[in-house]
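Participant: Sequence plus the predicted model coming up.
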Amino acid sequence: MAKQIQSIERGLFVLESILFEKEPVTATEIARRLGVHKSTISHLTATLVEQGFLAKSNGSSRLHAGPQVYRVARAVQLTGEQIMRVPPALDALAANTGETAHLAELRGRFVFYLANSFPERSLRVQTEAGAVEAAHSTAVGKALLAWLPEDEVRSLYQGVVLEAFTDATIVDGDSLIEALELVRSCGWATDTGEQTRGTCCLAAPVRDARGVVVTSVGISGPETVDTAGKEKARAVLDCAARIEEMLKD
């Protein structure tokens with residue numbers, strides 16, 4: 001039993017040593033820090049690599065965080081206390097843009113709306129907290145999918161027929177991957193009539209203190225939102241930054 005506990009402790013030490021380093025490190029460097037033989041650490045790192053918690057840099061023995069670390073991190077969703085801090089930021093976003101503002105979380109191939117704020121006008125998109133929509137057809141969904149590894153996105157949609165909600169909906173995996181590349185390049189996502197004809201949405205990712213994308217914030221309104229895209233996208237990005245600061249506390 002003592003050996004098993006020691007192995008767990010060393011494994012956690014290895015993970016922490018790598019996750020909190022700015023640059024990839026070698027098993028030799030970790031062994032030196034822990035004061036044990038390199039072979040001991042090599043066995044642990046080999047297991048962590050096999051399980052996906054660590055990965056080797058291309059053409060090197062240096063180690064960095066693997067895809068499984070990010071999957072686990074994303075599974076740790078926002079707490080109720082954190083969500084309760086967000087409404088003032090959403091209220092400001094709705095007031096500044098005149099559009100419905102919302103916070104969403106990725107649940108598999110779907111997005112779950114955590115909170116909403118509505119503008120003071122009768123013509124508005126009425127998306128309620130607790131609603132669930134497809135991720136591939138929504139701006140908030142694409143803002144979350146874009147920061148998953150490509151192989152994880154392909155795995156998520158493997159064998160799945162993408163539902164077409166309008167004639168503008170993305171309905172094949174390759175087109176979705178291309179759309180997500182565009183999201184990463186500009187920093188925000190759009191949905192112009194892809195979920196509901198006649199509406200347009202803009203959304204940006206929100207990262208926690210670890211730098212992991214845990215939620216997204218967006219606005220929805222009539223298609224005229226798209227004509228003021230950059231101006232309103234800046235408002236969404238500013239709101240995302242404000243929420244990120246809230247999540248650090």
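Facilitator: All right, it came through fine. Numbering: from 1, shown residues only.
Participant: who's in contact with M246?
Facilitator: By CB atoms under 8 Å, 6 or more residues apart in numbering, the residues touching M246 are 82, 85-86, 89. (Glycine included, C-beta is placed from N, CA and C.)
Participant: Same check on W188?
Facilitator: So W188 contacts 139, 143, 202-204, 233, 236-237 (CB under 8 Å, 6+ apart).
Participant: Which of those ranks first by neighbour count?
Facilitator: Neighbour counts for these (other CB atoms under 10 Å) peak at A143, which has 34 neighbours.
Participant: Doesn't that one lie inside a helix?
Facilitator: Yes: residue state for A143 (DSSP: H, G, I helix; E, B strand; the rest coil) corresponds to a helix.
Participant: per-residue pLDDT, it?
Facilitator: Here the pLDDT value assigned to A143 is 96.
Participant: and this protein, what are its domains?
Facilitator: 2-65, 74-248 (automatic domain parsing).
Participant: Is F165 in contact with T196, as I believe?
Facilitator: Yes: contact status for F165 versus T196: in contact at 7.0 Å, counting by CB atoms under 8 Å.
Participant: Including distance to E178 and pLDDT, could the contacts of M246 go into JSON lines?
Facilitator: Converted to JSON lines, the contacts of M246 look like this (distance: CB to CB, whole Å; pLDDT from 0 to 100):
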{"residue": "Q82", "distance to E178": "33", "pLDDT": "74"}
{"residue": "R85", "distance to E178": "35", "pLDDT": "76"}
{"residue": "V86", "distance to E178": "31", "pLDDT": "84"}
{"residue": "A89", "distance to E178": "31", "pLDDT": "91"}
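Participant: Just the buried ones among those, please.
Facilitator: 82, 86, 89 (16 or more other CB atoms under 10 Å).
Participant: which of the domains of the chain is buried the deepest?
Facilitator: domain 74-248 (a mean of 18; mean count of other CB atoms under 10 Å).
Participant: Now for the closest residue to G173 other than its chain neighbours: which residues touch it?
Facilitator: Among residues not flanking G173 along the chain, Y157 sits closest, at 5.3 Å (CB to CB, 6 or more residues apart in numbering). Residues in contact with Y157 (CB under 8 Å, 6+ apart) are 109, 136, 173, 176.
Participant: residue closest to the middle of the protein?
Facilitator: Centroid-nearest residue in the chain, with CA atoms, centre = their mean: V213, separated by 3.3 Å.
Participant: how near is that one to T28?
Facilitator: In this view, V213 and T28 are 33 Å apart by CB to CB, to the nearest Å.
Participant: Please apply the same query to A134.
Facilitator: Distance from A134 to T28, by CB to CB: 47 Å.
Participant: what does the strand or helix carrying V14 rub up against?
Facilitator: Element membership for V14 (DSSP states H and E) is helix 2-19. Applying CB under 8 Å, 6+ apart, the external contacts of helix 2-19 come out as 24-25, 30, 33-34, 36, 40-41, 44-45, 47-48, 53-54, 63-65, 69.
Participant: These in helices, which ones?
Facilitator: 30, 33-34, 40-41, 44-45, 47-48, 69 (DSSP state H).
Participant: Identify the residue with the minimum pLDDT among the residues you listed.
Facilitator: V69 (69).
Participant: I'd assumed L202 was in contact with A139.
Facilitator: Yes: A139 is within contact range of L202, at 5.7 Å (criterion: CB under 8 Å).
Participant: Residues that sit against both of the two, list them.
Facilitator: By CB under 8 Å, 6+ apart, the residues touching both A139 and L202 are 188-190, 218.
Participant: Could you single out the nearest of these to V161?
Facilitator: A189 (21.9 Å; CB to CB).
Participant: What pLDDT does the model give A31?
Facilitator: On the pLDDT scale, A31 gets 84.
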